[in-house]
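Chemist: Model the following, please.
(one chain, ligands or ions: 1)
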Amino acid sequence: MIPEVDNDHYIVQVADESHLNLAQTICKEMEESAKARGTGIAKRSPLYLMEKMLEGKAIVATTDTGEWVGFCYIETWEHGKFVANSGLIVHPDHRKSGIATRIKAEAFKLSRTKYPDAKIIGLTTSLAVMKINSDLGYEPVTFSELPADDAFWKGCSSCVNYDILTRTNRKHCLCTGMLYNPEQQKKQEKSEKWNFLKESKLYERWMRIKQRILLRFRERPRVRKPERELEAVG
Ligand SMILES: CC(C)(COP(=O)(O)OP(=O)(O)OC[C@H]1O[C@@H](n2cnc3c(N)ncnc32)[C@H](O)[C@@H]1OP(=O)(O)O)[C@@H](O)C(=O)NCCC(=O)NCCS
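Modeler: Numbering: from 1, shown residues only. Got it, this is the predicted structure:
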């Protein structure tokens, strides 16, 4: 595949064996960034990221001199019925320059090409990711519309907020579930789509209310476990 080079000198492309040497650095940044945000962390090994690169299921952004800028990969659930774009991370020096938007757009394209009938899903607390997702056609959904498969939810098990998810029988948590439904998109093409910008203030309020309610019943302050974050499928 020909890498896409923009006039800002970032290259965003499907990762391959030439990117294997970046896996360790990317993993380290995922860890650091989760610590900085005070969330749990997705314990993804460099080997797992390498596997994704070799399978053609990862998107990497680099500078034109080959320095790592951003990354994400795709995972499937329930035999390809659902695809998640996971592990989105942008190097702090390159944030707010539209890189995550470009990486997610490529991951979305890759997901649609490889799994055209799959529903594309995400779980996130990040407003930036919610905005990007909604521009791609995702809509917020209840957790019951996400995979029922225990393997999917196992990804949340070492998040600092996992107690909320179990306490509510997987009905609520601090993350928002989002879904792109290809079937529904066809029907919706002519009608008005959900507009994140129009609703974002409402969403910020909803998230604050959710946090107040869902954290109220926490028995004792939990020690942060730096292992796996709930935003794993963002
Ligand atoms: C979240 C993250 C991936 C965003 O990367 P980025 O390259 O800075 O994002 P972009 O520049 O493409 O911005 C996307 C949109 O979100 C907005 N945005 C970016 N950061 C934001 C923030 N902290 N709060 C609210 N909006 C934000 C941007 O303004 C942009 O909107 P616009 O298109 O209207 O201008 C990056 O901050 C990051 O790596 N964070 C740590 C890891 C993480 O949280 N991953 C997400 C897991 S679900």
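
Chemist: for this structure, where's the lowest mean pLDDT among helices and strands?
Modeler: The element with the least model confidence among the helices and strands of the chain, by mean pLDDT, DSSP states H and E, is strand 4-5, at a mean of 52.

Chemist: which is the next helix or strand following that one?
Modeler: Towards the C-terminus, the helix or strand next in line after strand 4-5, according to DSSP states H and E, is strand 10-14.

Chemist: mind listing what's buried in that following strand?
Modeler: If you call a residue buried by 16 or more other CB atoms under 10 Å, then strand 10-14 has these buried ones: 10-14. For glycine as for every other residue, the C-beta is placed from the backbone atoms N, C-alpha and C.

Chemist: Adding distance to the ligand and pLDDT, write those out as a markdown table.
Modeler: A markdown table is the format used below for those (distance: CB to the nearest ligand atom, whole Å; pLDDT from 0 to 100):
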| residue | distance to the ligand | pLDDT |
| --- | --- | --- |
| 10 | 10 | 95 |
| 11 | 15 | 96 |
| 12 | 11 | 97 |
| 13 | 16 | 98 |
| 14 | 18 | 98 |
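
Chemist: chain center to stretch 54-64, what's the gap?
Modeler: Offset of stretch 54-64 from its chain centre (CA atoms, centre = their mean, to the nearest Å): 16 Å.

Chemist: Quote the end-to-end distance of it.
Modeler: 21 Å (CA to CA, to the nearest Å).

Chemist: Then stretch 82-102?
Modeler: Stretch 82-102 end-to-end distance (CA to CA) = 21 Å.

Chemist: Can you mark which positions in it are buried?
Modeler: Within stretch 82-102, judged by 16+ other CB under 10 Å, the buried ones are 82-91, 94, 99-102.

Chemist: Just the ones in strands from these, please.
Modeler: Using DSSP state E, the members of the buried residues of stretch 82-102 that fall within strands are 82-90.
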